[in-house]
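K.L.:
structure, please.
(one chain, ligands or ions: 1)
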Amino acid sequence: MSYAPSGPDGSTSGPTYREWVLQPQSEYRFELAPNTSIGIKLLDGYAECYGTELATRVVYLFGGECKAVIYTHSGCTIEIKPATEYTSEETAMGHYQSASILFEQMRVLSLATVNGALLDGLNPQNIPATPPHILVLGPENSGKTTLCKALINYAVRGEHDEWSPILVNVDPGDGAWSVPGSISAASISTPLSTSTSACPLGLSASTAPTVWSSNALIPLTYWYGHTEIQRNPVLLERIIRNLGARIEERLVQVGSQGRASGLIIDTPPAFASSSSGDRRNSLIKACIESFKVNIILVIGQEKLHAEMQRTYGRSINVIRLPKSGGAVDRDPAHRRRVRNHQIQNYMYGQKIAVPDGCDKGEGSYLFQHEPTSDLSLAPSSTVVSFDDITIYRIGGESMAPSSALPIGASRAVSELLPLHVDPSSPSSGVLNSVLALLASAASDGEQYDEELVDLPVHGFIIVTAIDIPNRKMTVLSPTSGTFTGQTAVMASIDWQEIA
Ligand SMILES: Nc1ncnc2c1ncn2[C@@H]1O[C@H](COP(=O)(O)OP(=O)(O)OP(=O)(O)O)[C@@H](O)[C@H]1O
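P.N.:
Here you go, the predicted model:
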């Protein structure tokens, strides 16, 4: 029996499949080249992909430039045909599992305390009996997102308790469940899949076709609109605090089990870089205060660990974990491609080629936990009048330099100020721009422009064509519907369909 890797046209080439016997506590790593896909099947033993357990005899499909590992605690045999491949016995997963055991104990003790079941002597190690609220920090490509995903997956697959931790992404460079430029949070109760770089944290309801939406998450999203934190750190801090406040409201409503599940926060690499200066310190502080962080996990960097220990060590448990040797450096071109994949995926979903030999009919393989290789969406293209949608930009390029501000005027005001964008102006920059559609304000009263930065997002559209003489534009949206009366915010994220 053999199969070969498949290109987008279904063509196959190269050597046949390969079986790997993995020793206990080792991992199999792979990095997929653009437009290639692979199938991995567990033949026997136990294996997991970032905490998501693999079933035997099912082919798991990977594509979209995915870089990942299959880890085994007790040894296994897998069958695979990857683009590049190697096994390693130097794995950090054992450390990540140990950390997850500590967090599990915190959840159990916290729930027992709330239920009045924490008896004297039951906690000899003095583990904090509070829900784990974990902030993950580390430099670029250190494996933060992967660690967050693994910790979530270890929590939700527990056999005895049904935890539903909240995964928070405050890295606007990472699309998480929607598009790059956003920050978001979702409550997770089933393991997150790893199949493609376009959906690093699994499918969301907006990216999942309706038939599969049982598997989809409903994230709460705020729009920052840039991928770098230095573009408008004041805005980023404001929306981080907004996200924290909304999560707090939610935690009041969920039951004690949900509250005890805690939350895990993925952060941008700039949070680990001292060259990002004071802004980075206030953003870290905003996360700690808004999400009531009681654990800081630092990946790698001894210096950062010492700094966090010095600054927060008195009230917060600061733990250092090793960086996995498998965490891969991604160059700017790769990151750009991945961001494009994420926007494309938000609109069109994803379909990957099934490698030859894996295709024994629908259901014999899984992609994103679904029994299909085709998770395509049918977005709608609608022509709207300039008057239908009111478009704003928050601060951004139009901000005056600090020296030009009137005496006494604060920069923060202009950085948060919504500026109206006129699409009929040739320099508006609206064409190809990703626009965030804002949820309407809860209050019945009049909505003030200044309140726009505090509103979450209910979807994204892209302006694909503009007709200034007729005051119309064409917008691409994952779902059809009317846009009349909507308020949208544009920033620096754009996207163009490649013919
Ligand atoms: N143990 C591992 N083995 C193989 N690949 C890994 C491992 N851990 C992470 N990776 C891969 O390395 C890359 C970087 O990992 P990840 O995205 O988790 O890092 P990050 O610190 O969140 O990155 P960023 O710089 O965007 O903040 C990803 O492609 C991920 O799939």
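
K.L.:
element containing the residue of the stretch 251-400 of the chain found nearest the ligand?
P.N.:
When scored by C-beta to the nearest ligand atom, the stretch 251-400 of the chain has residue 326 as its residue closest to the ligand, at 2.1 Å. In this view, the C-beta of every residue, glycine as well, is placed from N, C-alpha and C. Here residue 326 is covered by no helix or strand, with elements defined by DSSP states H and E.

K.L.:
I figured it hits residue 91, correct?
P.N.:
Yes: Residue 326 lies in contact with residue 91 (C-beta atoms under 8 Å); the separation is 7.5 Å.

K.L.:
mutual contacts of the two, please.
P.N.:
Common neighbours of residue 326 and residue 91, counting by C-beta atoms under 8 Å, 6 or more residues apart in numbering, are 27, 69.

K.L.:
so where does the residue nearest the centre of the chain fall, helix or strand?
P.N.:
When the chain is reduced to its mean C-alpha position, the nearest residue by C-alpha atoms, centre = their mean turns out to be residue 176, at 2.2 Å. Secondary structure assignment for residue 176, by DSSP H and E: no helix or strand.

K.L.:
my guess is it contacts residue 219. True?
P.N.:
Yes: using C-beta under 8 Å, residue 176 makes contact with residue 219 at a distance of 7.2 Å.

K.L.:
number of nearby residues for the closest residue to residue 302 other than its chain neighbours?
P.N.:
Spatial nearest neighbour of residue 302, chain neighbours left out: residue 320 (7.2 Å); criterion: C-beta to C-beta, 6 or more residues apart in numbering. For residue 320, the neighbour count with other C-beta atoms under 10 Å is 18.

K.L.:
so residue 320 is in contact with residue 298, correct?
P.N.:
Yes: with contact defined as C-beta under 8 Å, residue 320 counts as touching residue 298 (4.9 Å).

K.L.:
quick check: neighbours shared by the two?
P.N.:
Residues within reach of residue 320 and of residue 298 at once, by C-beta under 8 Å, 6+ apart, are residue 305.

K.L.:
and the nearest residue to residue 266 once chain neighbours are set aside, which of the three is it?
P.N.:
Nearest residue to residue 266, sequence neighbours excluded (C-beta to C-beta, 6+ apart): residue 148, at 4.4 Å. At residue 148 the chain is in helix, as set by DSSP: H, G, I helix; E, B strand; the rest coil.

K.L.:
which other residues reach stretch 53-60?
P.N.:
Contacts to stretch 53-60, defined as C-beta under 8 Å, 6+ apart, come from residues 39-44, 46-49, 70, 157, 191, 195, 358, 364-367.

K.L.:
so which bits of stretch 255-274 are buried?
P.N.:
The neighbour-count criterion (16 or more other C-beta atoms under 10 Å) identifies 258-272 as the buried residues of stretch 255-274.

K.L.:
overlap between those and the residues near the ligand?
P.N.:
By C-beta under 6 Å from any ligand atom, the members of the buried residues of stretch 255-274 lying near the ligand are residue 269.

K.L.:
who's in contact with the residue nearest to residue 302?
P.N.:
Per C-beta under 8 Å, 6+ apart, neighbours of residue 320: 297, 298, 299, 300, 302, 305.

K.L.:
residues of this protein that sit close to the ligand?
P.N.:
Contact residues, the chain versus the ligand (C-beta under 6 Å from any ligand atom): 29, 67-69, 138, 140-146, 171, 173-174, 269, 324, 326-328.

K.L.:
what's the pLDDT at residue 371?
P.N.:
Reading off the confidence values, residue 371 has pLDDT 70.

K.L.:
tell me if I'm right that it and residue 365 touch.
P.N.:
Yes: using C-beta under 8 Å, residue 371 is in contact with residue 365, at 7.3 Å.

K.L.:
the more surrounded of these two?
P.N.:
Legend: neighbour count by other C-beta under 10 Å for residue 371 and residue 365, higher for residue 365 (22 against 13).

K.L.:
look up how far residue 132 lies from the more buried one.
P.N.:
Separation of residue 365 from residue 132 (C-beta to C-beta, to the nearest Å): 35 Å.

K.L.:
sorry, back to before: restricted to helices, list the buried residues of stretch 255-274.
P.N.:
The helices, defined by DSSP state H, take in 258, 259, 260, 261 from these.

K.L.:
can you list the residues you listed in CSV and add pLDDT and distance to residue 80?
P.N.:
Shown next, in CSV, are these (pLDDT from 0 to 100; distance: C-beta to C-beta, whole Å):
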residue, pLDDT, distance to residue 80
258, 91, 38
259, 94, 41
260, 94, 38
261, 95, 34
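
K.L.:
quick one: the strands in the stretch 101-250 of the chain?
P.N.:
Using DSSP state E, counting those that start in this stretch, the strands of the stretch 101-250 of the chain run over residues 133-137, 166-169, 182-187, 220-223.

K.L.:
what sits up against the last one?
P.N.:
In this case it means strand 220-223. By C-beta under 8 Å, 6+ apart, strand 220-223 touches 177-178, 181-186, 239, 242-243, 246-247, 250, 436, 438, 456-457, 489, 491.
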